[in-house]
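>>> sequence plus predicted model, see below.
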Amino acid sequence: GDSVTQMEGPVTLSEEAFLTINCTYTATGYPSLFWYVQYPGEGLQLLLKATKADDKGSNKGFEATYRKETTSFHLEKGSVQVSDSAVYFCALSGVQAGTALIFGKGTTLSVSS
Amino acid sequence: GAVVSQHPSWVICKSGTSVKIECRSLDFQATTMFWYRQFPKQSLMLMATSNEGSKATYEQGVEKDKFLINHASLTLSTLTVTSAHPEDSSFYICSAFPEGRGGREQFFGPGTRLTVL
């Protein structure tokens, strides 16, 4: 079945450091890919998405490119801030519309000033 | 926009009681809603798919008699945890798929934190 593998954390960085959180997936066909962020005690917020190969999703300085050849969707940010401290989830949606998301295990990011 | 609300946002109950959680799509209709469960510091696990006007589809290992789902309208799904026990304490999150928009993006509610004493 479809699955998402996400690098395990926690990831601890200093402010203004470069961030990469790796995400790879296994799926049939062409799934849609997502990154969600969850701040402490809150629900999920969509950070960015990509729906087809070579698409680049971007938002708030974060970027991720849908790589079909490597089945990856790594999240990057050039300069993190303390306010980026949160849990980040990579997820995929199957090719059929209306299907539930499959989530990675989540990566906790902690940024210190 | 596409806003999903959940009520209550948190609830504390005694063991053996039942708790109802509501999930509402505020500005769109949704034939399909999903219920997820998240244990502390873990990922979200799909519990069930809620289908308007028909029975919910439960994931393997989820007790349908314990987690009752009702999707009576195109904007409301409810999850009732019956005879709750401490091991049911968790963060419950719903999501909804807007009708007629195509695409694969679903919208999440803010979650409900259940604590069973």
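Done, it's in. Numbers count the residues shown, from 1 in each chain, chains lettered A, B, ... in the order given.
>>> sketch out the low-pLDDT regions of the chain for me.
No chain was given, so I picked chain A. For chain A, the stretches with pLDDT under 70 are A:95, A:97.
>>> my question was about chain B, not that one.
Across chain B, the ranges flagged by pLDDT under 70 are B:1, B:101-104.
>>> write out the residues of it neighbouring chain A.
Within chain B, the residues that sit near chain A (C-beta under 8 Å from any C-beta of the partner chain) are B:6, B:31-32, B:34, B:41-46, B:49, B:93, B:95, B:97, B:102-111, B:113. Yep, even glycine has a C-beta here, placed from its N, CA and C like the rest.
>>> what about 7 Å?
For chain B, the residues in contact with chain A (C-beta under 7 Å from any C-beta of the partner chain) are B:32, B:34, B:43-44, B:46, B:49, B:93, B:97, B:102, B:104-106, B:108-111.
>>> ends of stretch A:96-107, how far apart?
This stretch, stretch A:96-107, spans 27 Å end to end (C-alpha to C-alpha, to the nearest Å).
>>> could you do stretch B:46-66 as well?
Between the opening and closing residues of stretch B:46-66 there is a gap of 15 Å (C-alpha to C-alpha).
>>> likewise stretch B:24-43?
Start and end residues of stretch B:24-43 are separated by 23 Å (C-alpha to C-alpha).
>>> buried sites along it?
B:24-25, B:28, B:30-38, B:43 (16 or more other C-beta atoms under 10 Å in any protein chain shown).
>>> ok, of those, which one's closest to A:Ala91?
A:Ala91 lies nearest to B:Ser43 out of the buried residues of stretch B:24-43, by C-beta to C-beta, at 9.2 Å.
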